[in-house]
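Student: what follows is a predicted protein model with its sequence.
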Amino acid sequence: MDFYEAVSKRRSVREFVREEIPEETLKRIIGAAFRAPTNDHMRDWHYIIVRDRTVTAKLLDIIPKGISDADMDALIRDWNLSDSVQQACYRSAVPKQHRMLFDASAVIIPLFKQKTDILHPENLSHLNGFASIWCSIEHIFLAAAAEGYGCNLRVPLGDEAEYARTVLGFPAEYCMPCFIGIGRPEDGIAPVPQKEIDLSERIHWDKF
């Protein structure tokens, strides 16, 4: 698949066909992740690929399985989501946070070493490792699209990352930036409308 076609086809997927992804395909996708730029040239990243349904269920047990309409309305207000398109995206995504991962063919857990306090960095350079792992995650999304699969993503809330550590046993020096669900998208699922961006308003030549 052409690169720009993969970029165009990449979208967050939250409804999946129940099928296994071949191990060699998953290896190719993770191999693409290791081609991402890295801050220290060491690529000290690890990826846990959870395929066992029992482990998946335990891993996701901490994630709420739904949200009431009242709580959804409160979230929209608390997060100051005033744009109607943005609100629609959140209303579509938030109630599916548990199911979109549970129904995925696999859940990928990226890990990276963060050598400074990620929530209280002294400067932006202290976030280089964090920035690098997100470049790697984007490669996973694009490689998955090129293979005909789709991904979704959840950034851990509250104690979810530490809970995942107890379930999966990864070392204390590694940080988990997100959960990634990956699988074959269901047919006929209409994509959630996205905000259209006018490039002429966002590209600035030589100065803002």
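Tutor: All right, it came through fine.

Student: CA atoms for contacts and neighbours, from now on please.
Tutor: Fine.

Student: quick one: contacts of the lengthiest helix in the chain?
Tutor: Longest helix in the chain, counting residues (DSSP state H): helix 128-146. In this structure, residues lying in contact with helix 128-146 by CA atoms under 8 Å, 6 or more residues apart in numbering are 1, 3, 6-7, 9-10, 28-30, 32-40, 45, 110-114, 118, 150-151, 177, 182.

Student: what helices or strands is the helix or strand following that helix leaning on?
Tutor: Per DSSP states H and E, the first helix or strand lying C-terminal to helix 128-146 is strand 150-154. Taking 3 or more CA pairs under 8 Å, 6 or more residues apart in numbering; DSSP states H and E as the contact definition, the neighbouring helices and strands of strand 150-154 are helix 128-146, strand 179-185.

Student: number of nearby residues for Leu119?
Tutor: By the measure other CA atoms under 10 Å, the count of residues near Leu119 is 7.

Student: that one is in what secondary structure piece?
Tutor: Secondary structure assigned from DSSP H and E places Leu119 in neither a helix nor a strand.

Student: quick one: it from Pro156, how far?
Tutor: The gap separating Leu119 from Pro156 is 14 Å, by CA to CA, to the nearest Å.

Student: got the domain ranges for the protein?
Tutor: Dividing the chain into domains by automatic domain parsing, as the record does, gives the ranges 3-63+102-187, 64-97.

Student: the last one - what's its average pLDDT?
Tutor: Model confidence over domain 64-97, given as mean pLDDT, is 94.

Student: bridged to Arg184, which residues?
Tutor: The partner list for Arg184 in beta bridges (DSSP bridges) reads Val17.

Student: right, and it touches Arg14 too?
Tutor: No - contact status for Arg184 versus Arg14: not in contact, 10.0 Å apart, counting by CA atoms under 8 Å.

Student: in the chain, which spans are strands?
Tutor: Taking DSSP state E to define them, one finds strands in the chain at 16-17, 45-50, 106-113, 150-154, 174-175, 179-185.

Student: just list the residues touching the spatially most central residue of the chain, thanks.
Tutor: Among the residues of the chain, the one closest to the centroid is Leu153, at 2.5 Å (CA atoms, centre = their mean). When contacts are counted by CA under 8 Å, 6+ apart, Leu153 is found next to Ser12, Cys178, Phe179, Ile180, Gly181.

Student: if you set the cut-off to 6 Å instead, what comes out?
Tutor: Leu153 makes contacts with Phe179, Ile180, as judged by CA atoms under 6 Å, 6 or more residues apart in numbering.

Student: understood, closing this out.
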